[in-house]
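J.: A predicted structure for the sequence below; I have some questions about it.
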Amino acid sequence: MTIPFIIGAYASHPAPELQEEYYKLLAQQPWINGLEMPYPGQIATDNELLAGLLAANWDFNAVTAIPGTMQNVGKDANFGLASPDRDGREAALAFTRQLREDVGKLSEHADRNVVTRIEVHSAPTRTAEGDAFRRSLEVLREWDWYGARLVIEHCDRFISEQKPEKGFLSIEEEIEIAAEFEVGVVINWGRSVLEERSADAAYDHIIAAGKRGVLDGVVFSGAGPEETQYGYSWVDGHLPSQSDEPASLMSDVEIKRCAHAAIEGGCNYLGAKMCVPKDATLEERLAMLTHVYKACDLK
């Protein structure tokens with residue numbers, strides 16, 4: 001089973017002065033094929049420095065727009081690519097246009113197209129509409145993405161009786177839209193699990209996207225029903241696997257089950273993203289990520 005494996009290293013970043021050393025350590029691991037990078041983050045603030053940190057052998061890198069999306073939703077509840085509000089949707093398109101421009105600058109600094117996937121989202125919380133999301137995707141697919149492919153990163157859908165972490169469109173609607181626009185769907189393990197309050201949810205979402213032929217990636221990031229050092233119960237807090245955080249529902253059994261189902265469903269990449277204890281050494285951070293990779297049982 002040869003499949004690219006990426007790391008959302010930003011969630012496990014050490015102190016800024018140790019970032020370069022951390023990235024060098026990650027680059028030495030033959031099983032790591034690239035990063036999932038947050039936007040805005042360093043892509044917007046320190047583009048040239050980031051380009052220099054990307055290892056030459058990292059040939060499968062993704063950019064997730066979720067940090068900036070949620071920052072903007074926090075300021076304007078109408079912000080989002082799936083917003084029924086015209087101004088909110090236009091603001092989200094402008095934000096995504098800036099993302100595209102910054103990805104282009106990153107490629108220029110790296111002297112190659114370094115981004116393989118652009119992960120967009122069906123915000124806003126509570127009021128997202130499928131037809132509004134379609135109108136946005138009609139615009140986005142006309143842009144030059146510097147060799148990258150657009151994908152929809154699923155977040156928890158809005159459920160009236162529970163407090164949302166993101167509260168966007170359902171996986172069913174996103175799958176249909178993805179099929180219509182010939183874009184992929186990315187499943188974040190923890191976001192699916194916290195949506196349904198069940199470890200089975202991630203597996204079910206993977207199966208559903210795979211059957212429809214739109215499953216593009218699966219990123220393993222934990223979640224659980226208990227308060228931990230990473231946040232409150234059911235937080236979208238990128239918990240480690242159960243081997244490193246007992247409260248996490250992301251066990252080795254679930255990781256293997258979902259990884260194998262993803263590959264059988266036509267998945268193009270897997271990944272891991274997790275927060276770590278603040279005082280963890282670089283080696284301990286790597287070890288926690290390695291636990292997830294090994295649990296996938298890809299050999």
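T.: Yes, it's here.
J.: the spatially closest residue to Glu227 that is not a sequence neighbour: neighbour count?
T.: Distances taken as CB to CB, 6 or more residues apart in numbering place Ser233 nearest to Glu227, at 5.5 Å, with adjacent residues excluded. Using the backbone N, CA and C atoms, a C-beta is placed for each residue, glycine as well. When neighbours are defined as other CB atoms under 10 Å, Ser233 has 14 of them.
J.: which secondary structure element contains Ser233?
T.: If you go by DSSP states H and E, Ser233 is not part of any helix or strand.
J.: quick check: mean pLDDT across the longest helix belonging to the chain?
T.: Longest helix in the chain by number of residues (criterion: DSSP state H): helix 86-110. Averaging pLDDT along helix 86-110 gives 97.
J.: ok, then the element right after that helix?
T.: Sequence-wise, the next helix or strand downstream of helix 86-110 (DSSP H and E) is strand 117-120.
J.: which outside residues touch that next one?
T.: 36, 60-66, 81, 96, 99-100, 103, 140, 145, 148-153, 184, 186, 216-217, 269 (CB atoms under 8 Å, 6 or more residues apart in numbering).
J.: could you rerun that using 7 Å?
T.: For strand 117-120, contacts defined as CB atoms under 7 Å, 6 or more residues apart in numbering pick out 62-65, 81, 96, 140, 145, 148-153, 186, 217.
J.: buried members of the residues you listed into PyMOL, please.
T.: In PyMOL, a selection of the buried entries from the contacts of strand 117-120 looks like this (16 or more other CB atoms under 10 Å):
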select buried, resi 62+63+64+65+81+96+140+145+148+150+151+152+153+186+217
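J.: what segments of the stretch 1-150 of the chain are strands?
T.: 5-7, 34-38, 62-64, 117-120, 149-154 (DSSP state E, counting those that start in this stretch).
J.: can you add distance to Glu226 and mean pLDDT and give those back as TSV?
T.: Below are those laid out as TSV (distance: least, CB to CB, whole Å; pLDDT from 0 to 100):
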stretch	distance to Glu226	mean pLDDT
strand 5-7	26	98
strand 34-38	26	97
strand 62-64	26	98
strand 117-120	28	98
strand 149-154	24	98
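J.: tabulate these in JSON lines, adding columns for distance to Leu50.
T.: Shown next, in JSON lines, are the strands of the stretch 1-150 of the chain (distance: least, CB to CB, whole Å):
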{"stretch": "strand 5-7", "distance to Leu50": "15"}
{"stretch": "strand 34-38", "distance to Leu50": "7"}
{"stretch": "strand 62-64", "distance to Leu50": "11"}
{"stretch": "strand 117-120", "distance to Leu50": "16"}
{"stretch": "strand 149-154", "distance to Leu50": "20"}
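J.: out of those, which is closest to Leu298?
T.: Counting by CB to CB, Leu298 lies closest to strand 5-7 out of the strands of the stretch 1-150 of the chain; the figure is 7.8 Å.
J.: sheet partners, orientation included, of that closest one?
T.: Sheet partners assigned to strand 5-7 using DSSP bridges are listed as strand 34-38 (parallel), strand 269-272 (parallel).
J.: of these, which stretch is the most buried?
T.: strand 269-272 (a mean of 27; mean count of other CB atoms under 10 Å).
J.: this structure: helices as residue ranges?
T.: 19-27, 41-45, 47-53, 66-75, 86-110, 130-140, 171-181, 189-196, 200-212, 252-264, 282-296.
J.: now, of those, which is deepest in the fold?
T.: Mean neighbour count (mean count of other CB under 10 Å) peaks for helix 189-196 among the helices of the chain, with a mean of 27.
J.: appreciated, that's everything.
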